[in-house]
Each structure stands twice: as C-alpha cells, then as structure tokens.
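In: Please find the sequence and the predicted model below.
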Amino acid sequence: MIRASFILLLATLTGVVFPTARGACGAPLLTDEYKPMSALADLIKAAEPGAIILVPPGEYQGHLIIDKAITLDGRGEVVLSGGGIGTVVEILAPHVTIRSLTIRDSGEHVTGEPAAIRAEVGPVVIESNTLEGTLFGIDIREASGSIIRNNTIQGKDLEPGRRGDGIRLWWSHNCIIDNNTIHGSRDMVFWYSEDLRITNNIVTDSRYGLHFMYSHDTTIDGNVLDGNSVGIYLMYSNRITMTSNSLRNNRGASGYGIGLKDCDDIVVTSNALLANRVGIYVDNSPSSVDSTGLVESNMIAFNEIGLLATPNTHDIVLTGNAFVENEEPAATHGRGQLTSNSFSHDGRGNFWSDYAGFDHDGDGIGDLAYEPRSLFGAMLAGEPNLRLFVHSPAQQAVEFTARALPELRPTPILIDPAPLAQPPTILTAVTEPATNPLAMAAAGFGLLVIAGAAAFALGRQPTLATPAGRSTP
C-alpha cells in the first residue's frame, strides 16, 4: 500500500502517465495484438498538459489527433498504423513531443498530402521515430522553433514522380533538422523558413536531397546526399552556408551535387563533391549587383563537369578547391565565359589536375595561369549531345586539329592566375551512410586515387605542376 502511494505521488510530481489495466474512462485497455487508436486517444484525453505518456506496447490502428502539450513516448515498442488512409498523427497544439514510435501506412493519394506526422503549430519535437510506408514523412507548417532529429524515414514504394517529401517545412523558422536518415522520398524541402540548422542528415534514392525555396540565413553542415537526382538545390535563398557535406553519385536528369539559382551571399566550403553529373551548378548567383559568393576548399572530383555555370554568373570567388579528374573541369551552360568571377584570392588559386604548367620556384603556385582552351569543350557548350564522344577518337581528333590550327582554339572560359601546383588538403567531417560493399569499395578506391595523386605530387621536386592529373591533349 505504501509502495503504491509512493508511485502515485511520483507520477503526480513528474507528470509521467503510467497506464494501468484500465483506460482513461475506466474501460479495460485492449490486450490484443492490434488496438484501436481510440485507446491511445483516451490516454491523451485523460492526461494533464505537460504529461509524459509511456504508451503500452502494441500496434494501434487509425488516425490520432494530439490537441494538448504532451510527450508521447513509445520506447521503441509501439506501432501506429494509418491503415493506408490519411495522415496517421496530427498535432494541433504546441509543445508536443513524439518520441521512439514506429509510424507507418499513411494514405498514398496526393489529395490531402497524407503524412506520418503533421504539425499545424509549434514548436514541436519529433525524435527517434521510424516512419515507414508513408507518402509524406514529417510535415511541419507554421511551427517555428521545432526540432526534428534522429528519425529514420522510408517513403512508399512508388514511382519517383508520385512520392511525397521525407521532411517538409513551411513558414517554420529557427528549426533544427539533425541526424535524420531518409530513403526513397521526393525531397527534404524548406519553404519560406529562415534561420535553420540542417546537420548530419543522410538522404539517398530521392529527388532533391535538400531543397530550399525562399529560405534564408541557414547553415547546412555534415550532411550526406548520395544517389539522388540532385544533392542540394537552393532557389531564391540568401545567406546560406554549406560546410563539410558529402555529395556523391547524384546523377539524375539534372545530377547536380550543389545547385544555386538566383541566390545571394552563398558560402560553400570544405565539401566533397564526388562522381556527380555536375559538381556545382550556378545559375545567376549572386543575383544582386552588390552580393558575392565564396567557393573555397572543396574536393570536386570525378564528376562529368566540375563547375557548370550560366555566362551571367558573376562575383563568385573560387579559391583552394581541388578539381580532380573531372571530364570537364569547368563549363558554361551555353556559350560564353566565366571571367566575371575570381578564380583566386590573395594569390591562391585552385588545383586543376589537367594543368600543364610548371612551378620552378617551388612556392606551390604554378608559374603560368590556368587557361583551359578545349575546342571540344566549346563544342559541348553549344551541343550537349556531343558528350557521347567524350574520351573517344573523335574528341582526340578535334583537340589535335585545334593544336595544329591555333586560329581554331577558343577563348578560355576562365583564367586562374595562381593555380596550385599540388592538391590542397581538404578536410570534411561527415557521417557515412550505410551502403553496400560495392559502393563502399568504389568510394574507397576513389579516396585511394586522391591520396595516391597527392602522395605522387608531394614526392616530385617542384617542376611540372600536374603530377596528379592528365596533361593537356
């Protein structure tokens, strides 16, 4: 009797709800394997605001509405199933926490945009949940100050065009999106949401890993975007900093590791952009006359095109980057040059693996400027379908003709006045995704190639500045 009184007092003081064998209204709780969602709704109805509800283990089926500030904790033993109809959990009150639940089987018809969890108000905390077979994963609307962390989200097995977003924020500022793993969704998308911290997330087999629309003043750090159509795409979003992200094998129709459209004051530093169709794509960014962009100390390697930009791109500073064995180090989207941008800063340019200059004085800077003049590259800018002939005898014949007839050599699309003679050390700190052994082997081989190139460069005396790359044909 004394022990029971003590437990009751403890529950009263801490706000923890320990469900007993009877429901909130005196009715016995169901003990079958499957329980109606109304049993959980009764617990919420009986709880005081601020209570922590430790949900009895089992699977609950139906639709749940949370309209008061409570914590719902499944301790990894609870499944909430929507039965393929509508949104599973709907949050209509601030200061709600959803923790350690498995939530599955939302509706799949786009009408109503069914989700595993939808919050119409905030802040809310959604953490350590597993979401399976839902059209949209976590949908946050006008819920500033929310935290979404440590969740695993698997989209429905649908064609890419029919999928919903893994995580979506709309008009939700000052949010933290951290350490989530998303597979097989449409986008992780942020609309009209400012002052966000997007960190340590892994997104695979999706359309856009991270997609920003009119969202400003955000930090994107330590994320892994692997095997999507596009890694990170920013549209009309200003003052964004991207650091230490890994963007690999993004090879859809666009295939950008990072894409920038009409964005001002963007900083891209210490990222790894590997084996994408395009490492970095820039379209009219910065878009304002008095704005700048900084691309510094990134590893841009093994892409079809390292840097692709529209000819009106201006006032971007690129320095300390390693452009390693890209099929094209840099190109314009259409005809034109990139000479309105700076490819060095304070006397330090970038490393280009196809640079054929020398470093006689051993100061680490090539004695000649890097000025790529590929005739075949200029032809590609006007007719992208010619990419079919990359590395073919036809490409070699075109380049040989350009060397034999200098009047055919095009104007260089960029000038790096201080190219690096050796590849710089670029550190990125990212969480690696769980991949299959072949993918891990491929990634390991790529890193060995980079390391070998760097070691070979360091082992040479300061003469030819291209120990890691190809000579100009």
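Out: Yep, it's here.
In: is it true that N151 touches N180?
Out: Yes. With contacts counted by CB atoms under 8 Å, N151 reaches N180, the gap being 4.8 Å. To be clear about C-beta, it is placed using only N, CA and C from the backbone, and glycine gets the same treatment.
In: three-state assignment of S215?
Out: What DSSP: H, G, I helix; E, B strand; the rest coil gives for S215 is coil.
In: give me the number of residues near it?
Out: S215 is surrounded by 26 other residues when neighbours are defined as other CB atoms under 10 Å.
In: And G155, by the same measure?
Out: Neighbouring residues of G155 were enumerated by other CB under 10 Å; the total is 25.
In: ok, now the one 5 residues further on?
Out: By the measure other CB under 10 Å, the count of residues near P160 is 14.
In: Contact partners for R239?
Out: Applying CB atoms under 8 Å, 6 or more residues apart in numbering to R239 gives the contacts 216-218, 264-266.
In: scratch that, A115 is what I was asking about
Out: Listed by CB under 8 Å, 6+ apart, the contact partners of A115 are 87-88, 106, 134-139, 164.
In: Name the nearest of those relative to V124.
Out: Distances from those to V124 were compared by CB to CB; the smallest belongs to I138, at 9.6 Å.
In: what are the phi and psi angles of the closest one?
Out: The phi and psi values for I138, taken as degrees, to the nearest 10, are phi -120, psi 120.
In: Assess the claim that it and I167 are in contact.
Out: Yes. The pair I138 and I167 passes the contact test of CB under 8 Å, sitting 4.9 Å apart.
In: Now for these two: what residues contact both?
Out: Taking CB under 8 Å, 6+ apart as the contact rule, I138 and I167 both touch 148, 153.
In: farthest-separated two in the contacts of R239?
Out: The most widely separated members of the contacts of R239, counting by CB to CB, are T218 and D264 (13.1 Å).
In: Counting neighbours, go ahead and name the busier of those two.
Out: When T218 and D264 are compared on other CB under 10 Å, the one with more neighbours turns out to be T218, at 23 against 20.
In: Who does that one form a beta bridge with?
Out: Beta-bridge pairing of T218 under DSSP bridges involves I240.
In: separation between I232 and S206?
Out: 12 Å (CB to CB, to the nearest Å).
In: For A369, list the residues it contacts.
Out: The contact partners of A369, taken as CB under 8 Å, 6+ apart, are 357, 415-419.
In: let's see it at 10 Å
Out: Contacts here follow CB atoms under 10 Å, 6 or more residues apart in numbering; on that basis A369 touches 343-344, 349, 355, 357, 412, 414-419.
In: what's the spacing between stretch 105-115 and its chain's center?
Out: 24 Å (CA atoms, centre = their mean, to the nearest Å).
In: same check, this time on stretch 43-50
Out: Distance, centroid of stretch 43-50 to centroid of chain: 38 Å (CA atoms, centre = their mean).
In: same thing with stretch 138-155?
Out: Computed by CA atoms, centre = their mean, the chain-centroid distance of stretch 138-155 equals 15 Å.
In: Span of that stretch from start to end?
Out: From its first residue to its last, stretch 138-155 covers 11 Å (CA to CA, to the nearest Å).
In: Low-confidence regions, this structure specifically.
Out: Per-residue confidence for the chain (pLDDT under 70) gives these ranges: 1-33, 374-385, 387, 391, 395-410, 428-473.
In: how about the helices in it?
Out: When assigned using DSSP state H, the helices of the chain occupy the ranges 2-14, 37-46, 375-382, 393-404, 437-459.
In: quick one on the thing from earlier: in the contacts of A115, find the pair that's most separated.
Out: The most widely separated members of these, counting by CB to CB, are V88 and G164 (13.0 Å).
In: of these two, who's got more company?
Out: Between V88 and G164, counted using other CB under 10 Å, V88 has the larger neighbour count: 28 against 23.
In: Show me whatever sits in contact with both of T218 and D264.
Out: 237-240.
In: Distance to S285 added to those, as TSV?
Out: Formatted as TSV, the shared contacts of T218 and D264 follow (distance: CB to CB, whole Å):
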residue	distance to S285
S237	10
N238	10
R239	12
I240	10
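In: So L210 sits against D221, correct?
Out: No. The pair formed by L210 and D221 falls short of the contact definition of CB atoms under 10 Å, at 11.4 Å.
In: Neighbour count for the two, which is higher?
Out: Residue environment comparison for L210 versus D221 gives the larger neighbour count to L210, 28 against 19, counting by other CB under 10 Å.
In: okay, how far is it across stretch 242-260, tip to tip?
Out: Length of stretch 242-260, first residue to last, CA to CA: 12 Å.
In: Same question for stretch 232-250.
Out: 10 Å.
In: Let me see the contact set for T219.
Out: Taking CB under 10 Å, 6+ apart, one finds 195-199, 239-243, 267 in contact with T219.
In: what about it, distance to I85?
Out: For T219, the distance to I85 equals 38 Å [CB to CB].
In: what do you get for A301?
Out: Using CB to CB, one obtains 47 Å as the distance from A301 to I85.
In: More neighbours: which of those two?
Out: Neighbours around A301 and I85, counted as other CB under 10 Å, are more numerous at A301. The numbers are 25 against 15.
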